[in-house]
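A.B. asks: need a structure here:
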Amino acid sequence: MYPYTTPIVLFSLLLGTTLTFSSSHWLLAWMGLEINTLAILPLMIKTHHPRATEATTKYFLTQATASALILFSTMMNAWSTGEWELKELSTLPSNMMTIALMMKMGVAPTHFWLPEVLQGVDLTTGLIISTWQKLAPLSLMLTTHNLLNHNLLTLAGLTSILLGGWLGLNQTQLRKIMASSSIAHLGWMMVILPISPALFILNVIIYLIMTSAMFLSMKFFNVTKFNSLTISSSKTPALAITSSIVLLSLGGLPPTTGFMPKWLILQELTKQHLPTTATIMAISTLLSLFFYLRLSYSLALTQSPNTTNSLTTWRLKSNQTTFLLAMMVTLSMMLLPMTPCLIPT
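C.D. replies: Numbers count the residues shown, from 1 in each chain. Alright, predicted model coming up:
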């Protein structure tokens with residue numbers, strides 16, 4: 001890639017998300033989403049591999065469809081209400097907008113593009129798609145959460161939690177497993193959004209921390225397949241152990257950080273007299289926990305059967321930057337004692 005291309009693309013990603021964050025006009029918000037979509041495409045296709053081309057094409061077509069649906073719903077809304085403000089949304093455009101934003105992020109049942117796209121790109125681009133690219137649609141949903149269809153959000157959230165767990169059960173590709181994890185976590189966000197926006201924000205922040213930690217760990221190990229994890233513990237023993245704890249945090253096991261949002265969301269649902277929804281979500285988490293435990297077992301509790309006479313890798317100095325990785329892994333494991341300070345009022 002040309003040296004000046006990467007800074008321009010990264011600036012465009014920042015610009016698109018910031019524009020959507022700060023806009024109060026539907027056209028400006030749509031423009032920010034479009035800048036975001038177009039900026040990520042060069043990063044996805046830079047390897048010039050057929051699979052990268054396929055993933056980029058799928059991503060572009062899905063995002064273009066969602067953007068067209070957003071534009072169509074805002075035009076219908078302007079036609080019926082005469083307003084372009086974010087706070088104005090009538091019933092039919094509201095349903096269309098909910099579906100379009102869910103398609104942007106990969107919430108079930110519009111999730112089919114996400115595993116295939118993540119499988120076709122490298123780990124750095126996969127990290128951006130799983131974290132940064134979801135911020136703009138999530139901010140729009142937060143801004144308009146009172147106007148969106150709450151029943152549709154809850155149904156889509158429960159479907160995402162179930163399908164996210166099922167999709168990852170028999171996977172051997174780590175990027176597809178992370179895509180399933182993303183779908184399941186988005187389901188928790190969709191369910192809690194109409195009830196408690198503050199808990200929604202907390203869930204988004206913790207999701208970003210845990211997903212970033214796992215992608216950065218995979219990038220450090222340079223692994224993309226399930227079988228490759230078994231030799232990671234001999235390369236970097238300390239990181240293998242901490243990464244397995246990050247996986248348990250993604251599954252929501254105490255005393256890790258990932259337990260906090262699940263605990264608070266289930267508590268809030270119980271307070272809102274929704275025990276059936278809370279029970280379905282808690283049981284569905286076991287599906288996701290199964291493949292997190294598989295990964296954790298392969299990462300930290302197994303060793304490769306063959307021995308080498310060469311110097312072990314962890315004794316050699318690595319050239320990779322580890323500050324961000326260390327910070328994200330630490331936050332993914334140790335934020336649970338901070339729960340009283342982070343509980344939204």
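A.B. asks: now the element after whichever strand or helix holds Met190, going C-ward?
C.D. replies: Applying DSSP states H and E as the criterion places Met190 in helix 174-192. Where DSSP H and E defines the elements, the next helix or strand beyond helix 174-192 is helix 197-221.
A.B. asks: now for that next one, which elements pack on it?
C.D. replies: helix 123-130, helix 135-143, helix 174-192, helix 237-251, helix 259-271, helix 323-334 (3 or more Cβ pairs under 8 Å, 6 or more residues apart in numbering; DSSP states H and E). For glycine as for every other residue, the C-beta is placed from the backbone atoms N, C-alpha and C.
A.B. asks: show me how far the helix holding Met190 is from its chain's centre.
C.D. replies: 6 Å (Cα atoms, centre = their mean, to the nearest Å).
A.B. asks: now swap in stretch 22-42 and tell me
C.D. replies: In terms of Cα atoms, centre = their mean, the centre of stretch 22-42 is found 19 Å from the chain centre.
A.B. asks: hmm, who's touching that stretch?
C.D. replies: Residues from elsewhere that reach stretch 22-42 (Cβ atoms under 8 Å, 6 or more residues apart in numbering): 1, 5, 9-10, 12-13, 15-21, 56, 59-60, 63-64, 67, 70-71, 74, 77-78, 84-87, 104, 125, 128-129, 133, 136-137, 140.
A.B. asks: PyMOL command for the buried members of these?
C.D. replies: In PyMOL, this line selects whichever of these come out buried by 16 or more other Cβ atoms under 10 Å:
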select buried, resi 9+12+13+16+17+19+20+56+59+60+63+67+70+71+74+77+78+84+86+104+125+128+129+133+136+137+140
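A.B. asks: take the contacts of stretch 22-42 and keep only those in strands.
C.D. replies: Among these, the subset assigned to strands under DSSP state E is empty.
A.B. asks: mind checking which of the contacts of stretch 22-42 are in helices?
C.D. replies: Counting by DSSP state H, the contacts of stretch 22-42 place 5, 9-10, 12-13, 15-21, 56, 59-60, 63-64, 67, 70-71, 74, 77-78, 104, 125, 128-129, 136-137, 140 in helices.
A.B. asks: how near is Asn203 to Ile192?
C.D. replies: 6 Å (Cβ to Cβ, to the nearest Å).
A.B. asks: buried set for the lowest-mean-pLDDT helix or strand in the chain?
C.D. replies: One helix or strand of the chain scores below all others by mean pLDDT, DSSP states H and E: helix 232-235, with a mean of 74. Buried residues in helix 232-235, counted by 16+ other Cβ under 10 Å: Ser232, Ser233, Lys235.
A.B. asks: what do you get for stretch 169-187?
C.D. replies: 171, 174-187.
A.B. asks: just checking, Gln173 touches Asn227?
C.D. replies: No: Gln173 lies out of contact with Asn227 (Cβ atoms under 8 Å); the separation is 10.4 Å.
A.B. asks: doesn't Cys3 lie inside a strand?
C.D. replies: Quick fix: residue 3 reads Pro, not Cys. No: under DSSP: H, G, I helix; E, B strand; the rest coil, Pro3 falls outside any strand and is assigned coil.
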